[in-house]
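Trainee: Structure, please.
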Amino acid sequence: MIYAVGVVELKSIAKGIEATDAALKSAGIRLVSAHPSCPGKYEMIFTGSVADVTAALDHVRGRYEQYIVDSSVMGRIDEAVIKALFGTQVGTREGSLGSVETYSAASAIKVADLAVKTSRVEIFDLRVSRGMGGKGIVLLTGEVGDVTAAVEAGAAYAEKNGMLHAKSVIAAPHAELWEQL
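Mentor: Numbering: from 1, shown residues only. Presented below is the predicted three-dimensional model:
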């Protein structure tokens, strides 16, 4: 299956809950998360086929346009990104560690997708919004050259769109650091 991810951020928690229900009832999508993301805002992330995600997002845009802060459909997302969003991607605690921190959930998801399509890296962790003031963080592992290339590609995308907060590559993380991640 070719996966797509839809992300919608609304400026009302009550309307966000309502919009999530409407999205789920409008098309054959699967909910990744739906929750208040930072004070007074609500974010939903869903996945499915490109057609279903587009239909759900169009439905939400049509009914809740005045509440939408931002929305995005990302097609042809790598399956590793979908697994990371659902928390089922098991990251390897070895090699080098790269990170890209963004100002939005949508940009973090796109960074993760670009990273795994750029070089041979694994997504160690992908966290979006909750408990992070609406930010996103992508943690990548692999050989230092691959991790560096993946971080640079993802960071370039985020920077171009005004969403890059920070990036880093650690060639050989300390064992105790791995245990804390």
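Trainee: Pull the contacting residues for the spatially most central residue of the chain.
Mentor: With distances taken as Cα atoms, centre = their mean, the residue of the chain nearest its centroid is Ile109 (2.6 Å). When contacts are counted by Cβ atoms under 8 Å, 6 or more residues apart in numbering, Ile109 touches Val5, Val7, Ile45, Met74, Ile77, Val81, Leu85, Leu126, Val128, Gly136. For the C-beta atoms, the positions are set from N, CA and C on the backbone; glycine is no exception.
Trainee: Report the rounded mean pLDDT for the helix or strand containing it.
Mentor: Using DSSP states H and E, Ile109 maps to helix 105-118. Averaging pLDDT along helix 105-118 gives 92.
Trainee: Could you do stretch 122-134 as well?
Mentor: Per-residue pLDDT over stretch 122-134 has a mean of 83.
Trainee: What is the end-to-end distance of that stretch?
Mentor: Stretch 122-134 has an end-to-end distance of 24 Å (criterion: Cα to Cα, to the nearest Å).
Trainee: What of stretch 99-108?
Mentor: Taking Cα to Cα, the first and last residues of stretch 99-108 lie 10 Å apart.
Trainee: Other residues contacting it?
Mentor: With Cβ under 8 Å, 6+ apart as the criterion, stretch 99-108 contacts 7, 9, 37, 43, 45, 70, 72, 74, 111, 115, 126-129, 134-140, 151, 154-155, 157-158, 161-169.
Trainee: now do stretch 165-175
Mentor: Under the criterion Cβ under 8 Å, 6+ apart, residues 96-103, 135, 144, 147-148, 151-152, 154-155, 177 lie in contact with stretch 165-175.
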